[in-house]
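1. Dropping the sequence and predicted coords here.
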Amino acid sequence: MERQFAVEAKAEGDHPTGWPAALLLVHVATWREQLLDGLRQVERGGPPAHPPEDVDAFNAAELARGAGVSLEDAAARSNQALADLIELWKMMGDRPFAWYIARTTSEALVRNTYAHPRYHIAEHFIERRDPDRGYQLYEETAAELRRVGAPGHTLGTAVYNLARARAGQGRRHDALRLLEEAIPMRDDIRTLAATDRYLEPLRDDPRFQSMVKGGGKRA
């Protein structure tokens, strides 16, 4: 999917919001490399490296450094980091590993290397005024994470993103149902939903208002 995205992005023009495709893939590669360093330390028998604490500052610095990277180089870097992570995980297997809210090597890998890039690429499609592509990617991501039994801290975000897509498609009932599912998985979704511009079509619905105030259904 990412390789196809990079191929298509060669022909796209600039759009007024969001990152260019090359910078998006630099971002993906950078975070994959961060996780790779942490996993390598554990695999060698040492303590895991702590991921950056100030994520916004880290992102700003890394994106500034990556501003001149070509799309081809960014895609190659991201793809190499992905291949290295998969090979390392095959050797390590699933074991305890703390990386933000992930608690195992598998959880960290799925969050960092599957869910995270797909979120940014979906947003890229939406920002370039191709919402159907973005919504489809949200749908595929949520379906796959359900299929593999991803933990709530990862699946909840994917279900929330799918709720945003349904709101954008005018499917209010589906959007509300998905929000009711997502909030018990990650309570911070309640705060995000309260001000999310993508959920503006739901703002006047009593069910939505109840959810963001803490009265939504609980699992």
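-> Arrived safely.

2. Which residue ranges make up each domain of the protein?
-> Following automatic domain parsing, one gets these domains for the chain: 1-93, 130-219.

3. Ranking these by mean neighbour count, which comes first?
-> The highest average neighbour count among the domains of the chain, using mean count of other Cβ atoms under 10 Å, belongs to domain 130-219 at a mean of 18. Where C-beta positions appear, they are placed from N, C-alpha and C, glycine not excepted.

4. just the strands in the chain please.
-> For the chain, strands defined by DSSP state E occupy the ranges 96-99, 102-104.

5. Can I get those strands in TSV including mean neighbour count?
-> Listed next are the strands of the chain as TSV, based on neighbours: other Cβ atoms under 10 Å:
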stretch	mean neighbour count
strand 96-99	16
strand 102-104	17
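
6. export those strands to TSV and tack on distance to Val42 and mean pLDDT?
-> Converted to TSV, these look like this (distance: least, Cβ to Cβ, whole Å; pLDDT from 0 to 100):
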stretch	distance to Val42	mean pLDDT
strand 96-99	6	93
strand 102-104	11	94
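
7. Rebuild the ones you listed as CSV, extending it with distance to Glu8.
-> Output for those, formatted as CSV (distance: least, Cβ to Cβ, whole Å):
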stretch, distance to Glu8
strand 96-99, 31
strand 102-104, 30
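
8. which one of these lies closest to Gly46?
-> Gly46 sits nearest to strand 96-99 of all the strands of the chain, at 12.5 Å, using Cβ to Cβ.
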